[in-house]
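> Give me a 3D structure for the following:
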Amino acid sequence: MDIIWLGHGSFRIETGDKVLLLDPWLTGNPVLPDDRHDDAIAGATHILLTHTHFDHVVDVLPLAKKLGVPVVGQYDLMGYWAEAEGIETMGFNKGGTVDLGGASLSMVPASHSSTFSTPDGLRTGGSEVGFMLRTEGRTVYLSGDTAIMADMDWMGEYYKPDIGVLSAGGHFTMDMKSTAYAAKKYFNFKTVIPCHYKTFPILEQSARDLIDGLPGVDVIEPVVMQKIQL
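Model (predicted):
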């Protein structure tokens, strides 16, 4: 399995013959060069969506139509998009699991928000979620945007993820210190990859507090468009 950071909360996950785009943000992403956009999405088989804030959703519908691949996400929004936008979707809900063809994806809670702007003001796009991805004998917790929450207790015990891809930039999500706290208290990760940081000055720029807070865990600071082989 290869995990490739596209910057911010966006990832490309290559596993078997599947290429999963998690919250792919291309348009206006300040850390993803324009000349790497095609590389970022090449061969995609699924788009995974955690919530509808612009920095996670702005490219989802255009990519789904361009690539002809399903969007996988929260049931209410997927049902609406399938009808209104004519795209293929896989809608499910927290506690459910879907088969991605050799990989399974379970939806878990997150603590954040999920809104988008319209001419009539903010609207809610389903609810914010995270995912547990089981593939190649590994379980990866894709936290999405979240705060620390008590649900992490049962999630760690039940799913037993060994890899955590965790929002850690602060201000909008957990920061590095609180991510380290959550990882240590609720999970038994072998590998942690922070995200949702460095993008803007308001966010944390270094994972040092996360590294220092998780001795014995392989904390990998991702580099945009460089493969992390796991």
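> going forward, measure contacts and count neighbours with C-alpha atoms only.
Will do.
> what comes up buried for stretch 82-100?
Neighbour-count burial for stretch 82-100 flags 82, 87-94, 97-98, 100 (criterion: 16 or more other Cα atoms under 10 Å).
> Same question for stretch 216-227.
217, 219, 221-222, 224-225, 227.
> again with stretch 183-193
Buried, per 16+ other Cα under 10 Å, within stretch 183-193: 183, 186-189, 191-193.
> what about the helices in the protein?
37-41, 54-57, 60-67, 75-84, 151-159, 176-186, 208-213 (DSSP state H).
> looking at these, which is closest to D2?
Smallest distance to D2 across the helices of the chain (Cα to Cα): 12.7 Å, for helix 37-41.
> So what's the gap between that closest one and the chain middle?
With Cα atoms, centre = their mean, to the nearest Å as the basis, helix 37-41 stands 17 Å off its chain's centre.
> Which two among the buried residues of stretch 183-193 are spaced furthest apart?
Y186 and I193 (16.1 Å).
> Could you measure from the closest residue to H8 other than its chain neighbours over to G95?
What sits nearest to H8 in space, not counting adjacent residues and going by Cα to Cα, 6 or more residues apart in numbering, is H196, at 4.2 Å. Distance of H196 to G95, given as Cα to Cα, to the nearest Å: 25 Å.
> separation between the residue nearest to D151 when sequence neighbours are not counted and T52?
Leaving aside its chain neighbours, D151 sits nearest to P109 (7.2 Å; criterion: Cα to Cα, 6+ apart). Distance, P109 to T52, using Cα to Cα: 15 Å.
> ok, now L133?
Distance from L133 to T52, by Cα to Cα: 20 Å.
> Tell me if I'm right that F187 and G156 touch.
Yes: at 4.9 Å, F187 counts as touching G156 under the criterion of Cα atoms under 8 Å.
> OK, contacts around the residue nearest to L230 when sequence neighbours are not counted?
With sequence-adjacent residues excluded and distances taken as Cα to Cα, 6+ apart, L230 is closest to M1, at 5.4 Å. If you count contacts by Cα atoms under 8 Å, 6 or more residues apart in numbering, M1 has them with 13-16, 136, 229-230.
> again, but for F11
3-5, 21-24.
> Just the ones of those in strands?
Among the contacts of F11, the ones falling in strands (DSSP state E) are 3-5, 21-22.
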